[in-house]
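In: generate a structure from the sequence data that follows.
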Amino acid sequence: MYLANYLGVIANALAIIFGGLLGTLLGRRFTAPLQEITLQALGLVTLLIGFQMATQGQNILIMTLSLVLGGLAGELLGIQNRLNAWEKKMESRVKGGERMGKALIFASLLYGIGPMAIMGSLESGLYGTHSILTTKALLDGTAAIPFAAAMGWGICLSAIPVFLYQGAIVFFALIISPFLTPEMAVEISGVGGLLILAIGLNVLKVTRIPVAGLLPAIPINICLLFLL
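Out: Predicted structure coming up:
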């Protein structure tokens, strides 16, 4: 029963390995135009998933409070700024060389930290469905091709920490799921859907919403639901 909740995590890890191996074999033949059209297609799918989840939420007041308070908390904690700093370090490592250790650190941070990793793992743990992690797997696998072409097969090793990290979130979701009513679970999906929707818009370069700074909206939403 519980193994089914980890299928999305497994698929995500396998996609990173497959994309990394493919990138190592293809080298630089996976050109920028091919990357762009692939990411645009996946961005549209991300938009659809986010819209479907967001429209499930019924309590607009709690959703609004969760996002506003979450955004304020994220800003005070400097979450987005910290991630931006990490991103700059990772970019310098991409240009810097092909060592396995650098590739492992780079890809682990890139794939493991983000709203889709958290929301996808929560979805898998709470509902046993994997639409978010499946889409994330396609995004990660696609991104792994040019990264592996530039940095080597060490990108594939990042599948291990990503699997452990997302698997831990699935385990946490399984623990709290008995205490959530169906109505509460739907409201959590509503807030998460708005974040996924923002990711889709960012992937398509329509907006530049600092989604990472809104991540505290998820625990705040859960706390508000339990209180109310």
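
In: from now on I want contacts and neighbour counts done on CA atoms only, so please keep to that.
Out: OK.

In: for the chain, give me the ranges with low pLDDT.
Out: For the chain, residues meeting the criterion pLDDT under 70 lie at 1, 27-28, 30, 86-110, 113-114, 150.

In: how close does the nearest residue to Asp140 once chain neighbours are set aside sit to Thr38?
Out: Leaving aside its sequence neighbours, Asp140 sits nearest to Ile16 (CA to CA, 6 or more residues apart in numbering; 5.9 Å). Taking CA to CA, to the nearest Å as the measure, Ile16 falls 16 Å from Thr38.

In: now the strand or helix carrying the residue nearest to Asp140: buried residues?
Out: Using DSSP states H and E, Ile16 sits within helix 7-26. With burial defined by 16 or more other CA atoms under 10 Å, the residues of helix 7-26 counted as buried are 7-24.

In: center of the protein, which residue is that?
Out: Nearest residue to the geometric centre of the chain (CA atoms, centre = their mean): Met116, 2.2 Å.

In: my guess is that one contacts Ala137. True?
Out: No. In terms of CA atoms under 8 Å, Met116 does not count as a neighbour of Ala137; the distance is 10.0 Å.

In: can you give me the helices in the protein?
Out: 7-26, 32-54, 60-77, 79-96, 100-112, 115-127, 131-151, 154-157, 159-176, 182-203, 217-227 (DSSP state H).

In: can you put the ones you listed in a markdown table and add distance to Ile209?
Out: Below are these laid out as a markdown table (distance: least, CA to CA, whole Å):
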| stretch | distance to Ile209 |
| --- | --- |
| helix 7-26 | 24 |
| helix 32-54 | 14 |
| helix 60-77 | 11 |
| helix 79-96 | 10 |
| helix 100-112 | 17 |
| helix 115-127 | 12 |
| helix 131-151 | 18 |
| helix 154-157 | 27 |
| helix 159-176 | 23 |
| helix 182-203 | 7 |
| helix 217-227 | 14 |
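
In: deepest in the core, which of the ones you listed is it.
Out: Among the helices of the chain, ranked by average contacts under mean count of other CA atoms under 10 Å, first place goes to helix 154-157 (a mean of 26).

In: that one: how far from the chain's middle?
Out: 18 Å (CA atoms, centre = their mean, to the nearest Å).

In: isn't Glu75 right up against Gly213?
Out: Yes. Between Glu75 and Gly213 there is a contact at 6.1 Å, judged by CA under 8 Å.

In: what sits against Val170?
Out: Val170 is in contact with Asn5, Tyr6, Ser121, Leu122, Ser124, Gly125, Leu126, counting by CA atoms under 8 Å, 6 or more residues apart in numbering.

In: now for the fifth one: which residues touch it?
Out: Going back to what we said before, that points to Ser124. Ser124 is in contact with Asn5, Tyr6, Gly8, His130, Leu133, Val170, counting by CA under 8 Å, 6+ apart.

In: kindly recompute the last result at 10 Å.
Out: 4-9, 130-133, 166-167, 169-171, 173-174 (CA atoms under 10 Å, 6 or more residues apart in numbering).
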